[in-house]
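Student: just a sequence and a predicted model for now, questions to come.
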Amino acid sequence: RYGFVDAKGKFIIPMDYSFIYEFKSGLAEAEKDGKYGCINTKNETILEFKFDELEVSTTTKAIYGTYQDKIGIYKLNGDVILEPQFDELEELTYALVLAVRKGKKYHLMNHRFQLIKDSEFDFVEDLESIPSYIKVHKKELQGIYDVKQKKIIMPIKYDYIEVMELGLCAVEKEGKRGFYDHRVGKEVVPPKYKNIKLLAQNLYAIYVDEDRKFILINAKGEQVSKYKYDWGMIQSEGFSNVKFKGKQTFVNCLGQEITPPQFENTNNFKEGRAAVKLNNKWGFIDTTGKVVIPIKYDKVYSFKGGLARVVLNKKWGLIKPNGEFFLPPKYYRTAHFHYCNKTLAIIAETRGNNGLMSKRKKIVIPLAFDVFKQYTKEIIRVSNFTGTYSFIHGLWNCKGEKLLDQNYQELKEISNNKIWVQQDKKWGILKVVK
């Protein structure tokens with residue numbers, strides 16, 4: 001049997017129920033004798049125990065109850081909003097409406113529980129990527145309905161629709177693919193290609209042979225590339241990676257190459273810099289294709305917040321976009337910087353020692369720990385080995401203030417400035433003072 005007790009262990013809901021769920025909006029769904037009902041925090045019955053299923057919605061502030069295979073909608077005080085009549089009910093989270101089914105048809109319903117005019121479909125799907133948009137189906141064809149405008153904004157005439165980046169949808173009709181811009185309400189590339197891929201705004205890759213070679217076209221269908229490329233990746237900061245005869249480069253949104261295909265590997269542009277590999281070494285180019293950081297490093301990582309990690313002769317450092325070092329490559333390892341208490345900080349690691357260095361190159365937390373990890377947005381967990389798979393832990397904040405001495409074998413998550421700790425195989429709770 002199930003019930004509820006308060007923080008002092010006193011029963012506030014007696015153990016009268018086969019099962020009971022947590023309270024939401026002051027109500028809890030409970031089961032008794034195989035049927036579900038709803039109770040409040042005073043153990044008063046709000047909905048009698050006659051339902052096969054019951055759900056309290058925090059979104060619509062209502063209760064959905066299934067009775068004799070039909071779903072009804074009720075107020076939080078138990079009053080009826082709509083008698084049981086629906087075969088299916090689903091909250092479309094991103095569109096902020098309900099989808100209800102009666103028989104074989106779906107209808108859209110607002111959060112005032114009114115049916116939306118002219119919204120009858122064979123099936124509906126929530127679209128996470130575009131809030132207020134719903135993919136709708138009729139007679140095995142698909143389109144898009146805009147809940148805010150209360151109208152179809154993409155005609156129900158396609159066999160398949162896939163929402164893409166840059167405001168576009170890939171569409172398919174009779175085995176041919178194209179693209180539709182849902183922002184302006186028109187096809188930008190008619191569905192007449194067997195294989196087409198989006199690379200950038202108004203730039204598309206058309207596969208032209210069985211070897212998966214492709215050319216680039218613009219929205220008018222005009223070829224803008226001079227090669228049949230082997231491979232391409234969707235744009236980053238206005239540039240797309242492409243490969244020709246095993247060598248890579250970048251093209252802009254007009255399909256123009258910024259360098260000849262010459263690199264063994266490339267990474268996406270980040271903060272105006274792209275990592276490129278040549279002769280098994282890495283460096284960076286800018287958006288004109290100029291090498292701005294020499295191609296001499298064993299490994300590099302993308303820029304973030306004005307710095308990038310580089311590795312030279314197995315030593316790690318941090319470099320600026322102009323090629324100057326923030327930290328020369330002399331460390332056993334440098335972990336990438338991150339935001340910590342709204343202050344940009346850098347974790348600097350040497351062999352066997354880890355610590356925190358500010359962007360002004362000041363050591364904030366001593367380089368004295370085996371494992372150094374951001375625990376929360378403001379707190380760092382420091383650890384040292386005490387044996388095989390054994391550690392001893394402590395806590396510091398990003399200002400360099402020690403919060404917990406390094407005396408604990410285990411630390412669990414922090415909640416309300418309190419943390420579970422283990423010491424000598426015993427558990428307790430400590431307050432974390434910032």
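Tutor: Perfect, I can see it now. Residues are numbered from 1 along each chain as shown.
Student: report the beta-bridge partners for Leu98.
Tutor: Assessed by DSSP bridges, Leu98 has beta-bridge partners Glu91, Met109.
Student: cool, Thr45 as well?
Tutor: Going by DSSP bridges, Thr45 is paired in beta bridges with Ile39.
Student: contacting residues for His107?
Tutor: Ala99, Val100, Arg101, Leu115, Ile116, Ser119, Glu120, Phe121 (CB atoms under 8 Å, 6 or more residues apart in numbering). C-beta coordinates here come from the backbone N, C-alpha and C atoms, glycine included.
Student: mind checking which of these are buried?
Tutor: Ala99, Val100, Arg101, Ser119, Phe121 (16 or more other CB atoms under 10 Å).
Student: can I get these in JSON lines including distance to Thr60?
Tutor: Shown next, in JSON lines, are the buried ones among the contacts of His107 (distance: CB to CB, whole Å):
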{"residue": "Ala99", "distance to Thr60": "13"}
{"residue": "Val100", "distance to Thr60": "12"}
{"residue": "Arg101", "distance to Thr60": "17"}
{"residue": "Ser119", "distance to Thr60": "17"}
{"residue": "Phe121", "distance to Thr60": "21"}
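Student: just to revisit the earlier point, show me the contacts of His107 that map onto strands.
Tutor: Mapping the contacts of His107 onto strands (DSSP state E) picks out Ala99, Val100, Arg101, Leu115, Ile116, Ser119, Glu120, Phe121.
Student: max pairwise distance over the residues you listed: which two?
Tutor: The two members of the ones in strands among the contacts of His107 with the most space between them (CB to CB) are Arg101 and Ile116, at 14.3 Å.
Student: which residues of the stretch 201-350 of the chain score low on pLDDT?
Tutor: Within the stretch 201-350 of the chain, the segments meeting pLDDT under 70 span 209-211, 335-350.
Student: ranges for the helices of the stretch 1-150 of the chain?
Tutor: Counting by DSSP state H, counting those that start in this stretch, the stretch 1-150 of the chain has no helices to list.
Student: any low-confidence regions in it?
Tutor: For the stretch 1-150 of the chain, no range has pLDDT under 70.
Student: and the gap between Val242 and Gln248?
Tutor: 7 Å (CB to CB, to the nearest Å).
Student: okay, those two: which has more neighbours?
Tutor: Val242 (25 against 22; other CB atoms under 10 Å).
Student: dig out what that one forms beta bridges with.
Tutor: Beta bridges link Val242 to Gly232, Thr249, judged by DSSP bridges.
Student: how near is it to Leu318?
Tutor: Taken as CB to CB, the span from Val242 to Leu318 is 30 Å.
Student: show me what Leu54 is bridged to.
Tutor: Gly65.
Student: touching, Ser236 and Gly272? I think so.
Tutor: No: applying CB atoms under 8 Å as the test, Ser236 and Gly272 come out as separate, 10.9 Å apart.
Student: please save the CA atoms from stretch 109-123 in CSV.
Tutor: Taking C-alpha atoms only, stretch 109-123 is exported to CSV below (Å, rounded to 0.1, in the frame of the first residue of the first chain):
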residue,chain,number,x,y,z
MET,A,109,-7.4,21.9,-29.9
ASN,A,110,-6.1,25.0,-28.1
HIS,A,111,-5.4,25.1,-24.4
ARG,A,112,-8.9,26.6,-23.7
PHE,A,113,-10.1,23.2,-25.0
GLN,A,114,-11.7,24.6,-28.1
LEU,A,115,-11.3,22.9,-31.5
ILE,A,116,-9.4,24.9,-34.0
LYS,A,117,-11.3,25.5,-37.2
ASP,A,118,-10.3,23.6,-40.3
SER,A,119,-7.8,21.5,-38.5
GLU,A,120,-8.9,17.9,-39.4
PHE,A,121,-6.2,15.6,-40.5
ASP,A,122,-5.4,11.9,-40.8
PHE,A,123,-2.3,12.2,-38.6
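Student: against Ile365, how distant is Trp396?
Tutor: Relative to Ile365, Trp396 is positioned 5 Å away (CB to CB).
Student: with Trp427 instead?
Tutor: Counting by CB to CB - Trp427 and Ile365 are separated by 26 Å.
Student: those two: which is more packed in?
Tutor: Neighbours of Trp427 and Ile365, each counted by other CB under 10 Å, are more numerous for Ile365; the result is 24 against 10.
Student: ok, back up a step: and the contacts of His107 as JSON lines, adding distance to Ile134?
Tutor: Output for those, formatted as JSON lines (distance: CB to CB, whole Å):
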{"residue": "Ala99", "distance to Ile134": "8"}
{"residue": "Val100", "distance to Ile134": "13"}
{"residue": "Arg101", "distance to Ile134": "14"}
{"residue": "Leu115", "distance to Ile134": "15"}
{"residue": "Ile116", "distance to Ile134": "11"}
{"residue": "Ser119", "distance to Ile134": "9"}
{"residue": "Glu120", "distance to Ile134": "13"}
{"residue": "Phe121", "distance to Ile134": "9"}
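Student: now flag whichever of those is closest to Arg309.
Tutor: Comparing the contacts of His107 against Arg309 with CB to CB places Ala99 closest, at 47.4 Å.
Student: ok, back up a step: and the contacts of His107, which is closest to Asn384?
Tutor: Distances from Asn384 to those, taken by CB to CB, are shortest for Ala99, at 55.1 Å.
Student: got a list of what that closest one touches?
Tutor: Glu88, Leu89, Glu90, Leu92, Tyr106, His107, Leu108, Met109, Val124 are the contacts of Ala99 under CB under 8 Å, 6+ apart.
Student: between Trp396 and Ile365, which contacts overlap?
Tutor: With CB under 8 Å, 6+ apart, Trp396 and Ile365 have common neighbours Leu356, Ile380, Val382.
Student: which residues are common contacts for Val242 and Gln248?
Tutor: The contact lists of Val242 and Gln248 share Trp231, Pro261, where a contact means CB under 8 Å, 6+ apart.
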